[in-house]
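K.L.:
Starting from these lines, generate the structure:
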Amino acid sequence: MKIRFRVTIKGLVQGVSYRYHTLQMATAMNVKGWVRNMPNGDVQACLEGNRNDVEALIDWCRIGPRLASVDHVIVEQEPFSGEFSDFKIR
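P.N.:
Next up, the predicted model:
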């Protein structure tokens with residue numbers, strides 16, 4: 001089953017290669033979508049793919065790369081659209 005989630009990651013998540021590592025993990029897990037820095041210091045991602053793959057990536061987002069310090073992750077389900085052909089940093 002294909003799903004889509006919007007994920008907002010809060011904490012020390014900018015300036016620690018969070019987006020780059022998310023791109024690497026998403027590509028390895030065959031998750032499509034994007035990740036971007038937000039002006040308030042958060043990182044936001046839109047994730048689409050098979051349920052197990054997307055949920056595994058969300059679990060990784062709760063930890064992040066080695067230099068990150070994740071305080072909180074907000075996960076919001078959205079309707080699956082299939083609009084993405086890959087994963088990009090925005």
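K.L.:
Surely residue 28 is within a helix?
P.N.:
Yes. According to DSSP: H, G, I helix; E, B strand; the rest coil, residue 28 belongs to a helix.
K.L.:
okay, now it: neighbour count?
P.N.:
Using other CB atoms under 10 Å, residue 28 has 13 other residues around it. Every C-beta, even on glycine, is put in place using the N, C-alpha and C of the backbone.
K.L.:
go on, residue 26?
P.N.:
Counted with other CB under 10 Å, residues neighbouring residue 26 total 26.
K.L.:
same question, residue 65
P.N.:
Using other CB under 10 Å, residue 65 has 17 neighbouring residues.
K.L.:
quick one, what contacts it?
P.N.:
By CB atoms under 8 Å, 6 or more residues apart in numbering, residue 65 lies in contact with 16-18, 20-21.
K.L.:
Just the residues you listed: which are in helices?
P.N.:
Among these, DSSP state H puts 18, 20-21 in helices.
K.L.:
want to try TSV for those, with distance to residue 8, neighbour count and pLDDT as columns?
P.N.:
Formatted as TSV, the ones in helices among the contacts of residue 65 follow (distance: CB to CB, whole Å; neighbours: other CB atoms under 10 Å; pLDDT from 0 to 100):
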residue	distance to residue 8	neighbour count	pLDDT
18	12	23	98
20	18	12	98
21	17	18	98
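K.L.:
Pick the one among these closest to residue 54.
P.N.:
residue 21 (16.5 Å; CB to CB).
K.L.:
that older thread, closest to residue 51 among the ones in helices among the contacts of residue 65?
P.N.:
For these, the closest approach to residue 51 (CB to CB) belongs to residue 21, at 22.0 Å.
K.L.:
so who does the residue lying closest to residue 20 once chain neighbours are set aside touch?
P.N.:
Setting aside the residues directly before and after it, residue 20 is nearest to residue 89 in space (CB to CB, 6 or more residues apart in numbering), at 7.1 Å. Residues in contact with residue 89 (CB under 8 Å, 6+ apart) are 19-20, 23, 34-36.
K.L.:
what do you get for residue 63?
P.N.:
Contact analysis of residue 63 by CB under 8 Å, 6+ apart lists residue 70.
K.L.:
tally of neighbours for the closest residue in space to residue 78 that isn't next to it in sequence?
P.N.:
Counting by CB to CB, 6+ apart, residue 78 lies nearest to residue 4, which is 4.7 Å off, once chain neighbours are set aside. The number of residues packed near residue 4 is 20, by other CB under 10 Å.
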